[in-house]
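> Have a look at this prediction, sequence included:
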Amino acid sequence: MPLQIFNVLGREKQLFEPLEEGRVGMYVCGPTVYDHAHLGHAKTYVAFDTIVRYLRYSGYDVLYVQNITDVGHLLDTGEDRILKKARQIQAVPMQIVETYTRSYFEDMDALHVVRPDISPRASGHVPEQIKMIEELIASGHAYVVDGSVYFDVSTAPEYGKLSNRKIDAQQAGWREGVNTDKRNPEDFALWKKAEPEHIMRWDSPWGEGFPGWHIECSAMARKYLGPTFDIHGGGIDNLFPHNECEIAQSESANGAPFARYWVLTGSLQVSDADGIPVKMSKSLGNFVTVKDALKQYRPEVIRFFIQTSHYAGPVIYSNDSMTSARGGWERIYHAVRLTEQMMNSAPEGDDGNAFLERLEQARAAFGAAMDDDFNTPKALATLQELTRDVNNLLNSDATVGLSVLQAIHETYDNLAGDVLGIMPQNGVTPMTDGDREAGLIELLIELRAKARAEKNYAESDRIRDALAELGVVLEDRPDGTIWRTV
RNA sequence: GGCGUCGUGGCCGAGUGGUGAGGCAGAGGUCUGCAAAACCUUUUACGCGGGUUCGAUUCCCGCCGACGCCUCCA
C-alpha cells in the first residue's frame, strides 16, 4: 500500500505524491537555541527523524533541512530570548547560540537522531531574509514604519487556511497599546528596528535592525528547497501564528504554493501536582532535559517511548510510562541479543528456512503500518508479534541454521535499527573497546560455567552478581549462557 | 469567547460498522541449582444521552470532560 500522510493543510489523510518522483524535500522548524533541549524537543525531533528514516528506507532520496533559530525570537515582553539569556550570564549572544547549538546536536546524536542534511542558522541568512522582505514590499505585501517592516495580512486572502482562523474574529485578542505601528493588529513583523541596547543588529535598507521570527523559515526553505517543496514539519504549538505566517510570506513573495504536506507533532505533557496533564515547556518549568533523561534511560528506550504513540497525538511523560516502555523495548532487544549469540555457534545452512516467510510477512506488516501516516505504535506491535514467534522458534528444539538467524537479525536491523533507531549501535570495526569488553565478558562466562559444572554455585553467583553490578546481565540457557548490557 | 485535537480495560496505547492490536503491570503454569529470560493460559474496554442501522466502541447530533493554540514555546 502506498504511503499516506495526514495533511494538516486540508485536515485529511492524503496519498503522498512528491513533487519529483523518488525525491522528497522536507523542512522542519528547529529549536531556538537559548537553553538545553528537553524531552518535548526530543519527541518532535525523534518523530521527524523516524519519518525521514522511513522515507529513506522506502527508497526516497530525502533532502532534510532543519533550521537553528538564533535571532529574532522575541518574548512577549518584546525581549529577544537569546539576548535575555546573554545578559543573565554576561555572555556575548553568539556565545550562547554556539553553546546551545552544540548541546542540541550532542543530545540529538545521543538519541540516534540522524543529523539533518542542512542545519541553516537564521543569523547566517540575514541577506536572504532582507531580500525576501524587499520583494514583499515591492509587491505591496509589506510596509515600512519607522525602521520596521510589517507584513500586511489583508493582502493575503488565504491567511488562516492552515490553522482555520478567520482574521476578523480575532480582533478581540488584540491588546491596546502594543505594536501601534501596525496598520492592523494581525499584521506581523518582518524586520524590527533595533533599539540602542539591542546588540544583535544588522544593516538593512530600513536602518539597523534584526529579522522577525517567521521570515527565517521562509527565506531558508526557499534557498535550500525552492519555492515549493514536499513536507513541512514542526510542533503543533507553532501552527499559529508561526506556520501560518510562513505560508503567507512565502506564497506572497514567491507567487507559488509553499509546502504541499504539513506534518505537525503533538506535544509532550507532564502531569501537574493535581494529576492534570499539561504541556512540558520552558516557561512552565516542568521540563526534563534530554541530558537528565539519558542519565536514567538508554536512548533506545526514550525513542521507543516516543514511538509508542502516534506522532500527531500528545504523550504524557511519567516514570510509569517510561518503565513500561523500557519493558516493551527489552523484550525486542532480548530477542535480538539471543539471535546474535546463537549466530556464534549455529550450524551452517538454512535449517528452519520456513521462518523466512514469517520474516517477509513481518516486513510487509511493518511497512503497511508505517505507510499509514507513520503509525509507529502499530509498527511496534508488528515487531512485538514477530518477537513472540522468534522466541518460540529460538527456544524450540528445532535446529536453526546460520542463514536463517542472519535473516532474522537483518530484519530487526532494518526495521528496528534503520527505521526506528531503537537498536543499540554495535561497532563492527575490529578490536574496538566493545570487542575487548565482549571478549572479557565471555572469558568470565567460561569461568563461571566451570564453577557451575563443579556445583560451586557460590562462585558462579558471585561472578553473575559482580557483572550485574557493572550492568552486564547473564542468562543461563540449556545450550549455554548469553549476556547483554542493561 | 474563537479555532483545533481527543476521551478505549489497573496503566500506556492502536484500530474497526458484526472474530477482544500490541506492550507494561497482576494471577496461574511450563522450564530452571538459583536467578533471569522465554513461552502458554487468564482477569478487567470503548465518557454520557439520543439518532441512523438487522447490528455501533466505530457513522450523525447534542452534552460533559481533558488538552493544545489564539501571547513566547518543539
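All right, it came through fine.
> Looking from RNA strand B, tell me which residue of the stretch 301-450 of chain A is nearest.
Distances between the stretch 301-450 of chain A and RNA strand B by CB to the nearest atom of the strand are smallest at residue A:328, namely 2.4 Å. Where you see a C-beta, it was placed from the backbone N, CA and C, and this is true even at glycine.
> Please identify the helix or strand for the residue nearest to that residue when sequence neighbours are not counted.
The shortest distance from residue A:328 to any non-neighbouring residue, by CB to CB, 6 or more residues apart in numbering, is to residue A:304 (6.6 Å). According to DSSP states H and E, residue A:304 maps onto helix A:299-307.
> Please enumerate the strands of the stretch 201-350 of chain A.
All strands of the stretch 201-350 of chain A, identified by DSSP state E, counting those that start in this stretch, fall at A:209-211, A:229-235, A:259-265, A:268-271, A:277-279, A:315-317.
> For the fourth one, name the packing helices and strands.
Based on contacts counted as 3 or more CB pairs under 8 Å, 6 or more residues apart in numbering; DSSP states H and E, the elements that strand A:268-271 packs against are helix A:39-57, strand A:277-279, strand A:315-317.
> Can you list the strands that that strand pairs with?
strand A:277-279 (antiparallel), strand A:315-317 (parallel) (DSSP bridges).
> For the residue of the stretch 301-450 of chain A closest to RNA strand B, give its distance to residue A:34.
35 Å (CB to CB, to the nearest Å).
> Check residue A:22 too.
For residue A:22, the distance to residue A:34 - CB to CB - is 38 Å.
> neighbour-wise, which of the two wins?
residue A:34 (22 against 8; other CB atoms under 10 Å).
> ranking the strands paired with strand A:268-271 by burial, who's on top?
strand A:315-317 (a mean of 21; mean count of other CB atoms under 10 Å).
> So which residues make contact with that strand?
A:39, A:43, A:266, A:268-271, A:277, A:280, A:288, A:305-306, A:309, A:321 (CB atoms under 8 Å, 6 or more residues apart in numbering).
> That strand near RNA strand B at all?
Yes: counting by CB under 7 Å from any atom of the strand, RNA strand B is contacted by strand A:315-317 at A:315, A:316.
> ok, residue A:475 - contacts?
Applying CB under 8 Å, 6+ apart, the residues near residue A:475 are A:481, A:482, A:483, A:484.
> ok, so of the residues you listed, who is nearest RNA strand B?
Taking the contacts of residue A:475 together and measuring to RNA strand B by CB to the nearest atom of the strand, the closest member is residue A:481, at 7.6 Å.
> re earlier: quick check, the residue of the stretch 301-450 of chain A closest to RNA strand B in contact with residue A:381.
No: using CB atoms under 8 Å, residue A:328 makes no contact with residue A:381, being 10.0 Å away.
> Could you check which of these two has the larger neighbour count?
residue A:328 (19 against 16).
> Give me the mean pLDDT for stretch A:190-202.
Averaging pLDDT along stretch A:190-202 yields 86.
> buried set for it?
Within stretch A:190-202, the residues scored as buried using 16 or more other CB atoms under 10 Å are A:190, A:191, A:192, A:193, A:194, A:198, A:200, A:201, A:202.
> what's the neighbour count on residue A:98?
So residue A:98, with other CB under 10 Å, has 14 neighbours.
> how close does residue A:71 get to residue A:28?
19 Å.
> Those two: which is more packed in?
Remark: of residue A:71 and residue A:28, residue A:71 carries more neighbours, 28 against 24, as counted by other CB under 10 Å.
> Check whether the more buried one sits in a helix, strand or coil.
coil (DSSP: H, G, I helix; E, B strand; the rest coil).
> Could you do residue A:157 as well?
coil.
> OK, contacts around the nearest residue to residue A:447 once chain neighbours are set aside?
Spatial nearest neighbour of residue A:447, excluding adjacent residues (CB to CB, 6+ apart): residue A:463 at 6.6 Å. Each residue near residue A:463 by CB under 8 Å, 6+ apart is listed here: A:444, A:447, A:448, A:451.
> Does the third one touch residue A:481 like I think?
Yes: under the criterion of CB under 8 Å, residue A:448 makes contact with residue A:481 at 7.1 Å.
> ok, now which ones touch the residue nearest the centre of chain A?
Nearest to the geometric centre of chain A sits residue A:45, at 1.7 Å (CA atoms, centre = their mean). By CB under 8 Å, 6+ apart, residue A:45 lies in contact with A:28, A:66, A:108, A:111, A:113.
> Which pLDDT value does the model give residue A:73?
61.
> Please enumerate the helices of chain A.
Secondary structure of chain A (DSSP state H): helices at A:39-57, A:81-89, A:93-110, A:126-138, A:215-225, A:244-254, A:290-296, A:299-307, A:319-343, A:355-371, A:376-394, A:402-412, A:433-453, A:457-469.
> Adding mean pLDDT, write these out as TSV.
TSV is the format used below for the helices of chain A (pLDDT from 0 to 100):
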stretch	mean pLDDT
helix A:39-57	97
helix A:81-89	75
helix A:93-110	93
helix A:126-138	97
helix A:215-225	97
helix A:244-254	96
helix A:290-296	95
helix A:299-307	96
helix A:319-343	94
helix A:355-371	96
helix A:376-394	96
helix A:402-412	97
helix A:433-453	90
helix A:457-469	95
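> Any chance of CSV for those helices, columns distance to residue A:10?
CSV is the format used below for these (distance: least, CB to CB, whole Å):
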stretch, distance to residue A:10
helix A:39-57, 19
helix A:81-89, 33
helix A:93-110, 30
helix A:126-138, 26
helix A:215-225, 20
helix A:244-254, 13
helix A:290-296, 33
helix A:299-307, 26
helix A:319-343, 32
helix A:355-371, 19
helix A:376-394, 23
helix A:402-412, 36
helix A:433-453, 48
helix A:457-469, 54
